[in-house]
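S.K.: sequence and predicted structure are below.
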Amino acid sequence: MATAHERLMDSYLDSFDGWEAVGWLGQACYFGRFLLQWLASERAQKIVVPVAFWWMSLLGSVCATAYAFVQHNLFFMAGPCINFFLFVRNLWLVRTGQPLESRVFVPFALGVLTLAVTVALWSWDFSQPLPWVLVGGCGTVLWSIRFPIQWWIAERRSHATLPPLFFWISLVGSCLLLVYAFRTGKPIFIAGMVLGPLLYGRGLMLCYRKPARAS
């Protein structure tokens, strides 16, 4: 007789279609980009962001937005939809090293942050019990603002990097969304969050690592 877990997996496999493949591709890009960034940072013993990180982020955001839209899961659609444009800007910053002029940067930054918060609040799913509304909603807000904040710092430094604040926000947001992902029972959402706390925690360790003294 099949167990509850086996019945759940059988039901998931029966419903697997092309959109599931798109969702898995998006999560593979998201996981692969931080794995690549982590390996490069371990070799350098400091935070390093390869150009491939931003290209994988672009592809992942397209796939994740499309899958979440089809699944009618707005919690997981808000972040990728906003961050797509920030990934494009980071790639342009890597290529040119030229930050936006103040007269363009200030209104653009305010617009991006306002859009991030608005979409995050709009995606707040009040059909869930209140505790899950708070967990998913707070996780989504953090997830939605982490790359706008990263982009703001990158513009100020004229360098597309991942600062400590980015890793702190990612760590807390990923923990909240991982809990919410288990609530949804969707393997794609769980897979996308399960290793996040480990990678972001290690990123923080590298951010605060003191450089070795020359002998």
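M.R.: On my side now, so go ahead.
S.K.: pick out the residue nearest the middle of this protein.
M.R.: residue 143 (6.1 Å; C-alpha atoms, centre = their mean).
S.K.: do I have it right that that residue meets residue 173?
M.R.: Yes - using C-beta atoms under 8 Å, residue 143 is in contact with residue 173, at 4.4 Å. Heads up, the C-betas are built off the backbone N, CA and C, glycines and all.
S.K.: so what's the gap between the host helix or strand of the residue nearest to the centre of the chain and the chain middle?
M.R.: Counting by DSSP states H and E, the element that carries residue 143 is helix 130-157. Here the centre of helix 130-157 is set off from its chain's centre by 9 Å, with C-alpha atoms, centre = their mean, to the nearest Å.
S.K.: ok, then the element right after it?
M.R.: Counting by DSSP H and E, what follows helix 130-157 is helix 164-184.
S.K.: contact partners of that following helix?
M.R.: Outside helix 164-184, the residues within contact range by C-beta atoms under 8 Å, 6 or more residues apart in numbering are 73, 75-76, 128, 132, 135-136, 138-143, 145-147, 149-150, 153, 189-190, 192-194, 196-197, 200-201, 203-204, 207-208.
S.K.: how far off helix 164-184 does the helix or strand residue 39 falls within point, in degrees?
M.R.: Assigned by DSSP H and E, residue 39 falls within helix 18-44. Per axes from the mean of the first three to the mean of the last three C-alpha atoms, to 10 degrees, the angle that helix 18-44 makes with helix 164-184 is 150 degrees.
S.K.: and helix 18-44, what does it pack onto?
M.R.: helix 51-70, helix 187-193, helix 196-207 (3 or more C-beta pairs under 8 Å, 6 or more residues apart in numbering; DSSP states H and E).
S.K.: with mean pLDDT, mean neighbour count and distance to residue 107 added, can I get those in a markdown table?
M.R.: Formatted as a markdown table, the helices and strands packed on helix 18-44 follow (pLDDT from 0 to 100; neighbours: other C-beta atoms under 10 Å; distance: least, C-beta to C-beta, whole Å):
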| stretch | mean pLDDT | mean neighbour count | distance to residue 107 |
| --- | --- | --- | --- |
| helix 51-70 | 88 | 20 | 23 |
| helix 187-193 | 77 | 21 | 33 |
| helix 196-207 | 91 | 17 | 30 |
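S.K.: now these as a markdown table including distance to residue 91?
M.R.: As requested, these are exported to a markdown table (distance: least, C-beta to C-beta, whole Å):
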| stretch | distance to residue 91 |
| --- | --- |
| helix 51-70 | 5 |
| helix 187-193 | 22 |
| helix 196-207 | 20 |
